[in-house]
Each structure stands twice: as structure tokens, then as C-alpha cells.
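> Need the 3D shape of this:
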Amino acid sequence: MRGSVKVIKFTAGMSIVFLALTYFTTVNIEAHILELNTIWLSNNLALTVFGGAFASMLVVLICEVQKYITAKASVEEYIFYQALYLYQALFLMQQNISDYQNNAEAIVPDNLLDESTRMIQSEIIALQGVDYAPFRQKNLLLSAHQKFCKGTAANMQPIITGCNAVRIAINKTRINYLMQNLSGGLVTSASEPMKTVLSIQHDRVSSALEEVDEYLKDIDKCCKHRYGWEKQREQIRSNYVNVFEAWNFEKEFQN
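Residues are numbered from 1 along each chain as shown. As a prediction, the model looks like this:
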């Protein structure tokens, strides 16, 4: 988008220049301010050159404006859906943690947060790489996007490293069991330090979810609510299936 904005500003400026030169040439033809009727140069030639240049610049300007409008809508849509996917990934991580916290007897897998972490990291990189450059600097979406990139995205690093914290907690718990000669000990959400790690990660994700939710609200508001974020958020929440309920469903289906 930055390239389109630069081209539009340049062609707009040159269009004004050539329009002024064309107008001056027509006035000169009538008022004879400057005599250009020589063998090599004439008022008619100047009028043709400046008028043609103005018309060409005007055509380029119109095309670039249309290109900018299309690109702006496309970038806004890209930003919204990448932010939506980020919200989905955070919500998935939050609910997966809650599922194991609510089922203290279940064994916590080593890769509990791996997939959602990969999704979160991917969406953050995608959003930070967006080239969104509207004409007006006082733009709600631009402000929200800059705030996200500089603040929210940077603050999510502890969430991304949370999957490593889970693995470390699992290994520490297993070591503690071995030191106590409990070789068959199970690592659950009630085991320490797993309980503390999951609690901290859950709080971090919940906080990030609120910030991304505000980000999506601002995007939808700036785009005149064409994406219907409120409804999509409810669908994301209502469509989630508990990890243990999904497992029971698959077992019943096989039977």
C-alpha cells in the first residue's frame, strides 16, 4: 500500500503542475504574453505537450486511486482474518489448559500447547508483516494495528515460550517422582510445578485474548461492521469441543 500512496501523491502533484502549464499556455495563446511562434516551438505544440501530459497523469492517477481502494479493502480483510485466527489459537490454548485443569486426574501430554503455540506465532508474524498505509494518519485501524504490533504482539512472547515451560514442568515432576522412588507417578494438572505453570499460562492467554478482542472490535468498527466480529466471536466460543468430550465421541463412534 505504501507504494500506491507514493504514486498517487506523485501523480496528483504532477497533474496539478501540468494542468497549470496547460492553463497558462491557453492564456498565453489569447494574451500573447510570450511569443512562442518560432520554427521550432509554438504555443500549439506547448499546449499539445502539456495537455497530453496532464491527461496521461490524470489517467494514471485515476487508475492508482482505484488500485489503492482495492488494495486497502484487501489488506483490511487480511488483517481481520489473521487477527481472527490469532484469537482462535489463543482461545484454543486457553480452553485446552482449562480442560486439563478441570480434569486433574488426566495425564498432561508433552505437546499440550505445541499446535496452538505454532498457530499463535504464525499469526503474529503475519500481522506484523502487513503493509497497511492509509492516507490519513489519524485512522482508527492504523492506530489499532500499530498498537497491536508494538504492544500486544511483543507481550505474547511469554505465551509462545509457554510450551517449553510445560515440558520443563513435566520433566521436573518426573524427576521428583524418581527421587521419591515413585516410578509410576503420573504428571497431571494437580502436580507441582505443572499446576503453577498452567495457571500462569492461562492468565497470560486470558489477558491476551481480551487485547486481541479489542483489536478485532476496532478493525470491525473501522470497516463499518462488515465482518460481524461479535457474531463470529460467539461462534468460535460455541463451536469449541472439550478435549475429553471429543475423545469420548471418537470412542463411541468406533464402537
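> Can you pull out the low-pLDDT segments for the chain?
Within the chain, the stretches with pLDDT under 70 are 34, 36-40, 182-184, 246-255.
> Just give me the residue closest to the centre of it.
Centroid-nearest residue in the chain, with Cα atoms, centre = their mean: Leu127, separated by 3.3 Å.
> Next up, the contacts around that residue.
79, 82-83, 86, 145, 148-149, 153 (Cβ atoms under 8 Å, 6 or more residues apart in numbering). (C-beta placed from N, C-alpha, C; glycine too.)
> Could I have the buried ones of those as PyMOL selection syntax?
Restricted to buried positions by 16 or more other Cβ atoms under 10 Å, the PyMOL selection for the contacts of Leu127 reads:
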select buried, resi 79+82+83+86+145+148+149+153
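> From the contacts of Leu127, which land in strands?
Judged by DSSP state E, the contacts of Leu127 include no members of strands.
> Mind putting the contacts of Leu127 into TSV with distance to Leu19?
What follows is the contacts of Leu127, written out as TSV (distance: Cβ to Cβ, whole Å):
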residue	distance to Leu19
Ile79	36
Gln82	41
Ala83	42
Leu86	47
His145	36
Phe148	41
Cys149	39
Ala153	45
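> Surely the residue nearest to the centre of the chain is in a strand?
No: using DSSP: H, G, I helix; E, B strand; the rest coil, the assignment for Leu127 is helix, not a strand.
> Can you give me the distance of it to Tyr81?
Note on Leu127: its distance to Tyr81, by Cβ to Cβ, to the nearest Å, is 10 Å.
> What are the buried residues along stretch 206-223?
208-209, 211-213, 215-216, 218-220, 222-223.
> wait, which of those is closest to Trp229?
Asp220 (4.1 Å; Cβ to Cβ).
> Quick one: residues contacting the closest one.
With the criterion set at Cβ under 8 Å, 6+ apart, Asp220 makes contact with 80, 226-230.
> Give the ChimeraX command for selecting the buried subset of those residues.
Applied in ChimeraX, the following selects the buried portion of the contacts of Asp220 according to 16+ other Cβ under 10 Å:
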select :80,227,229
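> Would you reformat the contacts of Asp220 as CSV and include secondary structure and distance to Leu19?
CSV is the format used below for the contacts of Asp220 (DSSP: H, G, I helix; E, B strand; the rest coil; distance: Cβ to Cβ, whole Å):
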residue, secondary structure, distance to Leu19
Phe80, helix, 39
Arg226, coil, 36
Tyr227, coil, 40
Gly228, coil, 44
Trp229, helix, 44
Glu230, helix, 47
